[in-house]
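K.L.:
I need the structure of the sequence given here:
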Amino acid sequence: MGKRAELWAAAVLSLPLFSLGCNGCEKEKPYTPFGVTTTVPASEASAPAPSASAKPEPGKFAPAVVAPEGSRKLRMGELTLEAPARYAFDRAVLLGEGDTQQVVTWVKAERDARDVPPGLLMAYSPGGKPRQVMAQPSFVPIAPGCVHTTRLVQTSASNVLVDTTATCPAGLVARVPVRAVSVVAPASARPEVLTLRVAEPAAGEALGIDEDSADRDGDGRDDVKLVFTLTGPDGAKASATLAFLDRAAGVSRDASEPRTSLSLAAKSILSKAGPSASAEVDAVRRLLATLCAEGATPRVFDSEGAPIRCDDLSGVVDALARADVLSRLAAKDALGAVSVLSRSDWYFKKLSSDAEKSITKELTKRLLAVTPTASALSTKPKLAKGPHWSPLWFEQDGALLIVTETGVVRVSRDGATETALEGEGAAPPWPLDVTDGSGKRLSGSLCACDSSEVQLGLTDAAGAPQNGVPTRLLAPRPGGCKGRFTCPDPVPVASGPEGFSVLLAGSLSEPRKAGKALPSPGSARSPDGAWLVASTPLGLVVTGLAQELWKLPDAPVDARRAQDCVVANDRAAVACVSDGRVVLLKRP
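P.N.:
Below is the predicted model:
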C-alpha cells in the first residue's frame, strides 16, 4: 500500500484516555475507533468509529484490529508507532490499564526480508517505546511457498493468544506441526507462558483452539485453559480442554484434563442418545485421535514436540460405545448397533466387561430372536482369498446355488437334494472377484494412520494399486499405527458406478449416492435387495423391514467362523460357509 498505508493505517486501541469498544465495526478491516479521527479519504473509509463510551461485555475483550497490508506505522491516539526495520504491522490489541497499559502487535517480515524471523510479537509502552516479546517459533515451516497467517486474541487483562499457521504446498511429512499456539503475558518477566505445536487436521476435519486465561486456583495469577473443538466432515463437533496452572516456578499442567472434559462430553452424548448421536460419538473419537498420545496419531504436542497423554480413557470409551449403540438402535440400524461389539477393541481401549454385558443385554432385548435349524451340505464351495463375492446365492424360488471348482450345484429349498447343473442352459458360475464397470477391483481395506477413516483398497484392471477410497467407518486407534493389527477384509454388498457398498467389521458402508440396482450374485443382500445378512459376535443379524438376530447352534456351524453368508428373498433361509462347508439355516 506504500506511503498511503503509513499515513492511514489506523490503530485502534485505546490508551488511558480512551475507553475500549467496537460497536458495529468489522473484525478484519482497519478502522479508527474510540473517537480518533484520521485523514482517510471518504471513498476509502473503513467501518464507522464507535462511541468513545462503548465498552466490551464483561469477560470479553475487543477483537484484534487488522492493519492494511504493508503498514509500517500505526497511529495510537496522539502517538504514531513504528514497526521494526524490515517488518510491517499485521494486527494489534491493547492490554492493561494505567501505567501498565501497552499495545501488543504482531508484525510480519517484509517479502524481501532475509535472515529474520517471519513474525514478531511486539509490545509498545504508553510512550511508544517498542520491545520484542516473542519471535515466531522456529518449528513452524518456512519452506518456499509456505504462507503464514496469525490470530492475535486478548484472553485476559494481561494475556494474549498468538496462533500462527503455515499453509504449505504438498510434500510435508504426515502430522508434522504446522501451527504454533502460544499463550503470552507481554508484561511479565517470563512472557511466553506456554507454546503447543499443532499438526494440520486430518482430511475433512477442522480444529479450532480458543483460550481463557482466567485465574482458576485463586492465587492471583492468570492460568490457561485451552479448548480444542474438532468439527468432522458431517459438521458434528466435539470439544475437550487442556488446562495449565501458572505457578511461581512455572506452568504446571492440570492432570485431570483432558480426561474430565472428554468424560463429560461422552456422558452428555449418552444421556440424550438419539438417532443423530452417532455423529457426535464419531466427532469425539476423532478428537481423541487428534489430541491423545494413546491413539498413536496425535496432532497436538507440547513445546518440545512430545504428544499429550490423556491417561485412563476407560470411562470415555465405554460411554461412547453405549451411546453409539443406543443411537443406532434409535435410527433402526440394528446392524450398526451390533457392529459396535465387532469393534470392541478398535478405539483406544477394549470395552470393559461391564460395558460389553450391558450392550449385549440391550441388543438382545431389542432384536427379534430367531433360532434356525441347521444342516451341513455335502457340496464343497469354491474358496477365495481377500474380498470376494460369496460362492453362495439364493434363486428367486429359494433354491440355493453353490459355485464349486467344477461348476454350479443347485440345492433344493428344503436342502434335501443337491444337483450339479450341466449342459446347455445351465447357470454359469459367477466371478468371485469384486470389480466395478471400469475394471477396478476391490483388493482389501486400509486402516490408515494419516486419515481418520478406513479406506477401501483398489487395484486397476492390470493389478496396479490405486488411491484408497475413504469409507464412513473410523479407523481403529492405535490399531496398526502402534503394534500389530489386521485391517478386516470388506464383505461386498453391491458394486456400481458410484462405488462399492461393503460390510466392514459388521458395519455397512455405502457411497454417499448409492444406486438402487439389484445385488450381484454372491452379495450379502437378498436377490430382491430387501434383506441384508451379516455375521457378528452375537450371531447372524438379518435386517430389512424387521431386525432379527439369528442365534446359531454350536454345530454344525461356529458363529465366530461363519462367512460368505447370503439370505433368501423371504428370509426363510440363510446360507453360510464355515470351516469350508456350506451350512443351510432355515427359519423354524
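K.L.:
tell me the domain ranges of this structure?
P.N.:
Domains of the chain are assigned by automatic domain parsing as 1-154, 201-366, 373-586.
K.L.:
Just the residues contacting the one helix or strand Thr419 maps to, thanks.
P.N.:
Assigning secondary structure by DSSP states H and E places Thr419 in strand 418-421. Defining contact as Cβ atoms under 8 Å, 6 or more residues apart in numbering, one finds that strand 418-421 is touched by Leu377, Ser378, Thr379, Ile402, Thr406, Gly407, Val408, Val409, Arg410, Val411, Ser412, Ala427. Quick note: C-beta positions are derived from backbone N, CA and C, even for glycine.
K.L.:
Paired strands for that strand, with orientation please.
P.N.:
strand 408-411 (antiparallel) (DSSP bridges).
K.L.:
residues making contact with the partner strand?
P.N.:
377, 379, 395, 399-402, 417-421, 426-429, 582, 584.
K.L.:
Restricted to strands, list the residues you listed.
P.N.:
Judged by DSSP state E, strands contain the following of the contacts of strand 408-411: Leu400, Leu401, Ile402, Glu418, Thr419, Ala420, Leu421, Val582, Leu584.
K.L.:
could the domains of the chain go into a markdown table alongside mean pLDDT and mean neighbour count?
P.N.:
Converted to a markdown table, the domains of the chain look like this (pLDDT from 0 to 100; neighbours: other Cβ atoms under 10 Å):
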| stretch | mean pLDDT | mean neighbour count |
| --- | --- | --- |
| domain 1-154 | 70 | 17 |
| domain 201-366 | 92 | 19 |
| domain 373-586 | 91 | 18 |
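K.L.:
With distance to Ala185 added, can I get the ones you listed in TSV?
P.N.:
Putting those into TSV (distance: least, Cβ to Cβ, whole Å) gives the following:
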stretch	distance to Ala185
domain 1-154	9
domain 201-366	7
domain 373-586	36
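K.L.:
Check which element follows the lengthiest strand in the chain along the chain.
P.N.:
Ranked by residue count under DSSP E, the longest strand found in the chain is strand 237-247. Using DSSP H and E, the next helix or strand after strand 237-247 towards the C-terminus is strand 250-253.
K.L.:
And that next one, what does it pack against?
P.N.:
strand 237-247 (3 or more Cβ pairs under 8 Å, 6 or more residues apart in numbering; DSSP states H and E).
K.L.:
packing partners for the strand it packs on?
P.N.:
Secondary elements touching strand 237-247 (3+ Cβ pairs under 8 Å, 6+ apart): strand 192-199, strand 224-231, strand 250-253, helix 259-271, helix 277-291.
K.L.:
and the angle for that strand with helix 277-291?
P.N.:
Computed by axes from the mean of the first three to the mean of the last three Cα atoms, to 10 degrees, the angle separating strand 237-247 from helix 277-291 equals 40 degrees.
K.L.:
Tell me the gap between strand 237-247 and the middle of its chain.
P.N.:
For strand 237-247, the separation from the chain centroid amounts to 19 Å (computed by Cα atoms, centre = their mean, to the nearest Å).
K.L.:
The closest residue to Gln547 other than its chain neighbours and Ser520: what is the separation?
P.N.:
Nearest non-adjacent residue to Gln547, counting by Cβ to Cβ, 6 or more residues apart in numbering: Ala334, 3.7 Å away. Distance check for Ala334 against Ser520: by Cβ to Cβ, to the nearest Å, it reads 24 Å.
K.L.:
ditto for Leu584
P.N.:
Counting by Cβ to Cβ, the gap from Leu584 to Ser520 is 21 Å.
K.L.:
My read is that the residue nearest to Gln547 contacts Gly544, right?
P.N.:
No: the pair Ala334 / Gly544 is not scored as a contact, 10.0 Å apart, by Cβ atoms under 8 Å.
K.L.:
Contacts only, for the residue nearest to Cys565 when sequence neighbours are not counted.
P.N.:
Spatial nearest neighbour of Cys565, excluding adjacent residues (Cβ to Cβ, 6+ apart): Cys576 at 4.2 Å. For Cys576, the contact set (Cβ under 8 Å, 6+ apart) comprises Leu392, Ser535, Leu540, Val557, Ala562, Gln563, Asp564, Cys565, Val566, Val582, Val583, Leu585.
K.L.:
re earlier: among the contacts of strand 418-421, which one lies nearest to Ser276?
P.N.:
Using Cβ to Cβ, Ile402 comes nearest to Ser276 of the contacts of strand 418-421, at 42.2 Å.
K.L.:
partners of that closest one in the sheet?
P.N.:
Leu392, Val409.
K.L.:
separation between the spatially closest residue to Cys447 that is not a sequence neighbour and Ala562?
P.N.:
Nearest residue to Cys447, sequence neighbours excluded (Cβ to Cβ, 6+ apart): Cys487, at 3.8 Å. Separation of Cys487 from Ala562 (Cβ to Cβ): 20 Å.
K.L.:
got it, and Ala185?
P.N.:
From Ala185 to Ala562 the distance is 63 Å (Cβ to Cβ).
K.L.:
do the same with Thr543
P.N.:
For Thr543 relative to Ala562 (Cβ to Cβ), the value is 16 Å.
K.L.:
Tell me which helix or strand Ile359 sits in.
P.N.:
Following DSSP H and E, one finds Ile359 within helix 353-366.
K.L.:
Residues contacting the longest helix along the chain, please?
P.N.:
The longest helix of the chain (DSSP state H) is helix 314-330. Outside helix 314-330, the residues that touch it by Cβ under 8 Å, 6+ apart are 259, 262-263, 266-267, 269-270, 273-278, 280-281, 284-285, 288, 334, 336-337, 340, 344, 347-349, 351-352, 354-355, 358-359, 362-363, 366.
K.L.:
what's near enough to touch the most centrally placed residue in the chain?
P.N.:
Nearest to the mean C-alpha position of the chain, by Cα atoms, centre = their mean, lies Arg286 at 3.7 Å. Arg286 is in contact with Ala202, Glu205, Leu230, Gly232, Ala238, Ser452, Leu474, counting by Cβ under 8 Å, 6+ apart.
K.L.:
I figured the fourth one hits Glu280, correct?
P.N.:
The one in question is Gly232. No: counting by Cβ under 8 Å, Gly232 stays clear of Glu280, with 9.1 Å between them.
K.L.:
what is in contact with these two at once?
P.N.:
Ala238.
K.L.:
how about the residue lying closest to Val502 once chain neighbours are set aside, what does it touch?
P.N.:
Leaving aside its sequence neighbours, Val502 sits nearest to Pro490 (Cβ to Cβ, 6+ apart; 3.6 Å). Neighbouring residues of Pro490 by Cβ under 8 Å, 6+ apart: Pro387, Leu442, Gly444, Ser445, Leu456, Phe500, Val502, Leu503, Leu504, Ser509.
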